[in-house]
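Enquirer: Would you be able to build a 3D model of this:
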Amino acid sequence: MPLYAKVVDGVIVAREMKDNPDSITSSDGGPVWRPIVEDKPAFDARNQQLTGPIDVIEQDRVVRQWTVEAIPHADMANRVASERERRLQAGFDYDFGDARGVHRIGTTNADMVGWREVTDLANALIATNNGSTTINVLTDTGAVGVTATEWANVLIAAAQFRQPFWAASFAIQALDPIPADYADDARWP
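Expert: I've put the predicted structure just below:
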């Protein structure tokens, strides 16, 4: 069902969905109910947004117009931060260099909570000269025992995986304007 605007003395007083609008004319001789025609421009949703609409009264119709505007820098920076978070949570492979082989180390927010507990224990063990004490952990690959010292090496590998994402996000967020292709792999390590 088409949308119509009721125009009285040059002012839109109502908008309704109608099958057959009234054919009554206004004081200026134009129709009271005029079809609303949308003039929605193309835009790139990655870094632009539509504002409006504004309804413009014409002789026999009303044109609904939008304006294309750049998404504010702060909002784009938040999108970059979300992309960074998505990439940080992807996990990474760690090779223990022995029969345990390569394990996928999870890096979701829930994983990082578990990391904190393991890291606290590993730090306490290392501080008391017990770096060879085994801690049982669950990776995305499966359960595995790691020594406190080995866990420190996992943390170093994690930093080597994660820090480039932080650096890339800071560099992208510093751009003005932030480009539409901020999420493309070419901009990230």
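
Enquirer: what are the ranges of the strands in this protein?
Expert: Remark: strands assigned in the chain by DSSP state E are 3-8, 11-17, 33-39, 48-57, 62-70, 92-95, 102-105, 134-138, 143-147.

Enquirer: Throw these into JSON lines and include mean pLDDT and mean neighbour count, thanks.
Expert: All C-beta atoms are positioned from the backbone trio N, CA, C, and that covers glycine. JSON lines is the format used below for these (pLDDT from 0 to 100; neighbours: other CB atoms under 10 Å):
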{"stretch": "strand 3-8", "mean pLDDT": "89", "mean neighbour count": "18"}
{"stretch": "strand 11-17", "mean pLDDT": "89", "mean neighbour count": "12"}
{"stretch": "strand 33-39", "mean pLDDT": "90", "mean neighbour count": "16"}
{"stretch": "strand 48-57", "mean pLDDT": "93", "mean neighbour count": "13"}
{"stretch": "strand 62-70", "mean pLDDT": "94", "mean neighbour count": "16"}
{"stretch": "strand 92-95", "mean pLDDT": "98", "mean neighbour count": "16"}
{"stretch": "strand 102-105", "mean pLDDT": "98", "mean neighbour count": "17"}
{"stretch": "strand 134-138", "mean pLDDT": "98", "mean neighbour count": "14"}
{"stretch": "strand 143-147", "mean pLDDT": "98", "mean neighbour count": "15"}
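
Enquirer: For Phe161, which of the ones you listed is the nearest?
Expert: Taking CB to CB, strand 92-95 is the member of these nearest to Phe161, at 4.1 Å.

Enquirer: As a markdown table, the strands of the chain with distance to Arg187 would be great.
Expert: Formatted as a markdown table, these follow (distance: least, CB to CB, whole Å):
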| stretch | distance to Arg187 |
| --- | --- |
| strand 3-8 | 41 |
| strand 11-17 | 43 |
| strand 33-39 | 34 |
| strand 48-57 | 18 |
| strand 62-70 | 18 |
| strand 92-95 | 19 |
| strand 102-105 | 24 |
| strand 134-138 | 33 |
| strand 143-147 | 34 |
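
Enquirer: For Ala174, which of those strands is the nearest?
Expert: Of all the strands of the chain, strand 62-70 comes closest under CB to CB, at 16.4 Å.

Enquirer: just checking, what packs against the closest one?
Expert: Secondary-structure packing of strand 62-70 (3 or more CB pairs under 8 Å, 6 or more residues apart in numbering; DSSP states H and E): strand 33-39, strand 48-57.
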